[in-house]
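[1] Take a look and give me a structure for this.
(2 chains)
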Amino acid sequence: MQITVNGKSCELEVDLRTSLLDLLRDHLGFTGSKKGCNQGACGACTVLADGVRINACLALAVQYANRSITTVEGLAGGDGLHPLQQAFLEHDGFQCGYCTPGQLCSAVGMLDEIGRGVPSAVSADLAATQFVLDGDELRERMSGNLCRCGAHNGIVEAIAEVAARAPSRPAEQAA
Amino acid sequence: MTPFTYNRAADVPDAVRLAASQAGARYLGGGTNLVDLMRERVERPPALVDVTGLSRGIEALADGSLLIGAAATNTAVASDRLVRERYPAVSRAILTGASGQIRNVATVGGNILQRTRCTYFYDQGSACNKREPGSGCDAVGGFNRNHAILGASPACVATHPSDLCVALVAFDAQVHLEGPNGSRQMALEALHRLPGEQPQIETELQPGELITAVALPPLALAARATYRKVRDRTSYAFALVSLAAAIDVGPDGVVRDVRLALGGVAARPWRARTAEQALRGRTADAAGFAAAAEAELAPARGLAHNGFKIELARRLITTTLSALAGGAVT
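    Residues are numbered from 1 along each chain as shown, chains lettered A, B, ... in the order given. A predicted model of the protein is given here:
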């Protein structure tokens, strides 16, 4: 199968039973994405598939043939840090760091969803076209990512700072 | 996981043909439930037919209904402008379920056909008539806080875990099916079976039948409907009890129409027709709502740990209808 990971095209043969997470970690060496629960409950494996956040552990790799995956290694697009990575550092958005790659990829996908006007369970008005990322919205939208160190307050602060700095997402600008 | 073959269906006829040509084949949507169950070896399909490439469109039809392709993702349906305007409770039901990551890949068809999250069903060391017919049910005498209070049997007390389906059955959704013997439609309410003595048979689907779409008929009061979900934590948890509700009260204070469906209480999304019947033509007040809820829950039976669901469901119906009739609910 062919799959593009962090902008690089890869050709490989895999057992059909291989999950996208195992493909990334064990076959392609992108060990940034982590295996926590391996059943979709913790979010440590979150990656972006064509820009959309998904749980790599629940995905069969073969379903993502010819798709483009971004892992935490590809977020910054170079040797520097993505603004979210920098904000996580500044706000103590982690302790052990195991959930962090998933938190980061999930936050990038979540901010894009906000930009596209995707509502959440706590959005009061479904008729709205844009949603303000206040604390309740942010916590609800990030509920698929657990941090067992309990760094959630720092995570929320880090994401909120980046969201406030760049309120306009690409999808919004295009609309 | 046991080995399997994998084929990506090009279109609906191709999907049905691929499934019919391989005994025991299963249709694969986003995989968020089936892949997990395969990893646990609860599901061991020898063949997968990937149907995520089939219709994911959401289309307003001339007769006023909304046709949702079975491959549409949860996020796409919940975000859709027409769904949010005409059936906001459908959006809300989806958004209270799972996580953002899961909603981005989980499909409508997969949501309808997802399996119970009963822990005894997942645990190979436990007896489960659904997983291993005839082996018994460890949930009946086990830890059953999340289990069914309506329509259960001594053979199985599992619940259907979907939020989306609860809103869909409240609004008379029809499922479009395509199978080896042609196409047909049926009410979603009639799709899921109660366990009886054969809890391993969960739906009325014929072998090889594929859900291709869900149709929501025009229903004016659905635009003012809501979905409420009670659960152990405020996000990313299955329902203890949930409710999709819509009510139309005339200027004389009499209930003209009402739609109610409960989640988390039975092996299928539970359309509360007894309560609806008790309410139509009656005065819309708290006493009437409570009496209707009482009538609906009259056949409910609690197990050792889930008896609280009966009172919880009663109160959820009464308070939600009171709020809706007062116009104060989103």
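[2] Who are the contact partners of the residue in the stretch 151-300 of chain B that chain A sits nearest to?
    Nearest to chain A in the stretch 151-300 of chain B, going by C-beta to the nearest C-beta, is B:Ser235, at a distance of 3.7 Å. C-beta here means a position set from N, CA and C on the backbone, and glycine is covered the same way. Contact partners of B:Ser235, counting by C-beta atoms under 8 Å, 6 or more residues apart in numbering or on different chains, are A:121, A:139-140, A:143.
[3] same question, B:Glu40
    Each residue near B:Glu40 by C-beta under 8 Å, 6+ apart is listed here: B:122, B:124.
[4] rerun at 7 Å
    Counting by C-beta atoms under 7 Å, 6 or more residues apart in numbering or on different chains, B:Glu40 touches B:Tyr122.
[5] The one 3 residues further on too?
    Taking C-beta under 7 Å, 6+ apart as the definition of contact, the neighbours of B:Glu43 are B:34, B:37.
[6] So the residue of the stretch 151-300 of chain B closest to chain A, which state does it fall into?
    coil (DSSP: H, G, I helix; E, B strand; the rest coil).
[7] Check B:Ala215 too.
    B:Ala215 is classified as strand under three-state DSSP.
[8] do the same with A:Gln63
    At A:Gln63 the chain is in helix, as set by three-state DSSP.
[9] Please look at it and B:Val49 and confirm they touch.
    No: using C-beta atoms under 7 Å, A:Gln63 is not in contact with B:Val49; the gap is 11.9 Å.
[10] So those two - more neighbours on which side?
    Between A:Gln63 and B:Val49, counted using other C-beta atoms under 10 Å in any protein chain shown, B:Val49 has the larger neighbour count: 25 against 22.
[11] If the more buried one is in a bridge, with which residues?
    With DSSP bridges as the criterion, B:Val49 is bridged to B:Asn7, B:Tyr27.
[12] got a list of what it touches?
    Applying C-beta under 7 Å, 6+ apart, the residues near B:Val49 are B:7, B:9, B:15, B:18-19, B:25, B:27-28.
[13] B:Ala295: helix or strand, and which one exactly?
    Assigning secondary structure by DSSP states H and E places B:Ala295 in helix B:286-297.
[14] Now do the strands in the chain.
    In the absence of a named chain, this looks at chain A. Under the criterion DSSP state E, chain A carries strands at the ranges A:2-5, A:8-11, A:46-49, A:52-55, A:68-70.
[15] that's the wrong chain, I meant chain B
    Going by DSSP E, chain B shows strands at B:5-8, B:26-28, B:47-50, B:58-60, B:66-69, B:174-179, B:182-187, B:210-216, B:226-230, B:241-249, B:255-263, B:270-271.
[16] Adding mean pLDDT, write these out as a markdown table.
    Converted to a markdown table, those look like this (pLDDT from 0 to 100):
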| stretch | mean pLDDT |
| --- | --- |
| strand B:5-8 | 98 |
| strand B:26-28 | 98 |
| strand B:47-50 | 98 |
| strand B:58-60 | 97 |
| strand B:66-69 | 98 |
| strand B:174-179 | 98 |
| strand B:182-187 | 98 |
| strand B:210-216 | 98 |
| strand B:226-230 | 98 |
| strand B:241-249 | 98 |
| strand B:255-263 | 98 |
| strand B:270-271 | 98 |
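[17] what about residue 163, neighbour count?
    Looking at chain A here, since you left the chain open. With other C-beta under 10 Å as criterion, A:Ala163 counts 21.
[18] could you do chain B instead?
    Residues lying near B:Asp163 (other C-beta under 10 Å) number 27.
[19] Among the strands of chain A, which comes closest to chain B?
    It's strand A:52-55; of those, that one is closest to chain B (C-beta to the nearest C-beta) at 4.7 Å.
[20] tell me which strands and helices that closest one is in contact with?
    Counting contacts by 3 or more C-beta pairs under 7 Å, 6 or more residues apart in numbering or on different chains; DSSP states H and E, strand A:52-55 packs against strand A:46-49, helix A:100-115, helix B:100-103.
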